[in-house]
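# Show me the folded form of this:
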Amino acid sequence: MDGVLARRLLILAIVLLLVSALAAGLTPRRVAAPVPQSPAAVPAGTTVSRTIPAAEGADTPVRVRRGDVLELTVKGDVLDTVLLERLDRLDGIEPESQAYFSLLVEAPAGLYPIRLVEADRRIGSIQVTE
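Residues are numbered from 1 along each chain as shown. Modelled structure (predicted):
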């Protein structure tokens, strides 16, 4: 009787294996998500070097084109952090040390404020054109 039971369990195991293999074969396959397309190619630009003051009342415009390399220096007698809004760049500024940024301008055309974080004031803006 033990031999008959062992055969039945073996046959059941084989049948279950075949059913699961058949089910796996009939299940629709996942289609890989499409690869995200890169944004429009950034045109080759020039290097734009600018120095702006962190003084109160300053609102210095910095004009660049998309594709330019911006080398921006912020000078002032303040202890603060300079933020390039919407470009997610930060650098500290002290009376003896200036804030410095070097970035390839890939952002779409628009206005990107330059702020002192702790003083909560705008000291300029980066104006990006196409």
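
# model confidence over stretch 81-91, on average?
Regarding stretch 81-91, the rounded mean pLDDT is 95.

# roughly how far is that stretch from the heart of the chain?
Distance, stretch centre to chain centre, for stretch 81-91: 13 Å (CA atoms, centre = their mean, to the nearest Å).

# Straight-line length of it, end to end?
One end of stretch 81-91 sits 6 Å from the other (CA to CA, to the nearest Å).

# repeat for stretch 64-79
Stretch 64-79 stretches 27 Å from its first residue to its last (CA to CA).

# Okay, helices next: where are they in the protein?
Ranges of helices in the chain, per DSSP state H, are 2-26.

# Please enumerate the strands of it.
47-53, 60-65, 69-75, 80-84, 89-93, 99-104, 110-116, 121-129 (DSSP state E).

# Buried residues, the fourth one. List them.
Along strand 80-84, these residues count as buried under the neighbour rule (16 or more other CB atoms under 10 Å): D80, V82, L83, L84. All C-beta spots, glycine's among them, are computed from the backbone N, C-alpha and C.

# Kindly report the same for the fifth one.
Within strand 89-93, the residues that qualify as buried are R89, D91, I93, counting by 16+ other CB under 10 Å.

# one step back: any idea which of the strands of the chain gets closest to S20?
S20 sits nearest to strand 99-104 of all the strands of the chain, at 53.0 Å, using CB to CB.

# in its sheet, what does that closest one sit against?
Paired strands of strand 99-104, with direction, are strand 69-75 (antiparallel) (DSSP bridges).

# So which bits of the strand it pairs with are buried?
So strand 69-75, judged by 16+ other CB under 10 Å, has buried residues L70, L72, T73, V74, K75.
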